[in-house]
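>>> Got a sequence here, can you model it:
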Amino acid sequence: MKQPAKELRIDFVEGPVAHRLRFGGGRGQDLPKAMGLRGGKTPKIIDATAGLGRDAFLLASLGAQVTLIERSEKMHLLLAEGMDRAARAGGQMREIIDRMTLLKGDALDLIPELYGEAILIDPMHPERKNSALVKQELRQVREIVGTDDDAADLVRLAIRHARKRVVLKWPAKADPLAGVPKCSHQIIGKTTRFDVFMTG
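Sure thing, here's the model as predicted:
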């Protein structure tokens, strides 16, 4: 008999996020490299599509100040609850959460008002042909936030406002996102690639 889906919960204290914090590759991981965390540099980052908050948490754990933007009311609430639990855990968790600022709203409206050296955009990815490959958690996120039909608009806006770079997180084998300029370079992992647009 099929088990009912567990209620989506954002947990930074235990589970895969905490495991990645303990055993991840630090600044040598693809995401920090794409965002410009190298050579002692730690840019101010805007995560324009916060979602589960995992990328923002990783970047904050490496010392970056990260502003998270989430337009879905339900995802924003789940993120706020998860961040609050992590802050209450104290110690290193509290220090990381203190570097994260969560905003509710549409990134298209908020980015022009914010200062960001590097902007991360991780829109809902195209559905895979075999939906069994998509983790239950990500299916739940998709049900909450829907599709990001304005992803190309967001990338173009971010390119105009980011001081140094914009990074689009995208499936490794997917076609480039239609309607955006050619990226400056890519960092390609097994399942994910980062299209980097240098702006300054």
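>>> Relative to S61, how far out is G26?
Distance from G26 to S61, counting by C-beta to C-beta, to the nearest Å: 9 Å. C-beta: built from backbone N, CA, C; applies to glycine.
>>> average pLDDT across stretch 159-176?
In this model, stretch 159-176 has an average pLDDT of 95.
>>> how far out from the middle of the chain is it?
What separates the centre of stretch 159-176 from the centre of its chain is 12 Å, taken as C-alpha atoms, centre = their mean, to the nearest Å.
>>> Stretch 93-109 too?
Centroid separation for stretch 93-109 versus its chain: 11 Å, with C-alpha atoms, centre = their mean.
>>> related to what we said a few turns ago, specify which residue of G26 and S61 has the higher count of neighbours.
Using other C-beta atoms under 10 Å as the criterion, G26 and S61 rank with S61 on top: 23 against 10.
>>> Quick one: residues contacting the more buried one.
L21, I96 (C-beta atoms under 8 Å, 6 or more residues apart in numbering).
>>> How much space separates E81 from S61?
Counting by C-beta to C-beta - E81 and S61 are separated by 19 Å.
>>> actually P181, sorry about that
Using C-beta to C-beta, P181 is found at 31 Å from S61.
>>> can you check E7 too?
When E7 is compared with S61 (using C-beta to C-beta), they lie 26 Å apart.
>>> D149 too?
On the measure of C-beta to C-beta, D149 and S61 end up 32 Å apart.
>>> Which of the three states applies to the residue minimising distance to the centre of the chain?
Taking C-alpha atoms, centre = their mean as the criterion, D55 is the residue nearest the geometric centre of the chain, at 4.3 Å. On the three-state scheme (DSSP: H, G, I helix; E, B strand; the rest coil), D55 is labelled helix.
>>> any idea how far K182 is from it?
23 Å.
>>> ok, and for the lengthiest helix in the chain, which residues are buried?
Assignment by DSSP state H gives helix 73-88 as the longest helix of the chain. Neighbour counts over helix 73-88 (16 or more other C-beta atoms under 10 Å) mark M75, H76, L78, L79, A80, G82, M83, R85, A86, A87 as buried.
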